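# mind looking at a prediction? Sequence and model below.
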Amino acid sequence: MPTEPTAPAPAALAATAYLDHAGSSPVRPEVAAAVVEVLEAVPGNPSGSHRWAREARRRLDDARDTVAALVGAEPGEVVFTSGGTEADNLAIVGTLHAHPDKRSTNGSRYGIDPDKPPKPKAGEAPAEE
């Protein structure tokens, strides 16, 4: 009977190049410890108004401040998402909003029509339809 694969030990990950970040990524032990500590100590939803929610909001804001300082951003520029797809979408839509002059004029939302490939630039081969 086949056995389920087990996750490699952190030392094994340090000695290898993990390339499947599309599905998940290894977590540093100090990050895992911080997450567990918050999950156990602060059950509140940071959007609420009760005591636990206020503590969750404080910790979330502290984390946002820390990340902003690390990347040279303002705290209001740091957005935490629930996963990769949401983050990818935010990056794409944000880029389109930041560069309206680069949008297509085909009339679709954000200038993107998934059913119609973009016109090739000079010297490029047309996309297959």
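Right, received. Where do you want to start? Numbers count the residues shown, from 1 in each chain.
# just the pLDDT for Asp115.
pLDDT, Asp115: 62.
# that should have said Leu90, apologies.
Looking at Leu90, its pLDDT reads 89.
# which residues touch it?
79, 81 (Cβ atoms under 8 Å, 6 or more residues apart in numbering). Bear in mind the C-beta positions are built from the backbone N, C-alpha and C, glycine included.
# that one: which element?
Taking DSSP states H and E as the definition, Leu90 sits inside helix 84-98.
# quick check: mean pLDDT of the longest helix seen in the chain?
Longest helix in the chain, counting residues (DSSP state H): helix 51-71. The predicted model gives helix 51-71 an average pLDDT of 94.
# which residues outside that helix are in contact with it?
38, 42-48, 73-75, 77-78, 80.
# pLDDT score for Pro43?
85.
# that one: neighbour count?
Using other Cβ atoms under 10 Å, Pro43 has 11 other residues around it.
# also Pro26?
For Pro26, the count of nearby residues is 17 (other Cβ under 10 Å).
# give the helix, strand or coil label for it.
When classified by DSSP: H, G, I helix; E, B strand; the rest coil, Pro26 comes out as coil.
# isn't it right up against Ala17?
No: applying Cβ atoms under 8 Å as the test, Pro26 and Ala17 come out as separate, 11.0 Å apart.
# what helix or strand is Val36 on?
helix 29-41.
# any idea which residue sits dead centre in this protein?
Among the residues of the chain, the one closest to the centroid is Ala87, at 3.7 Å (Cα atoms, centre = their mean).
# no further queries at this time; thank you.
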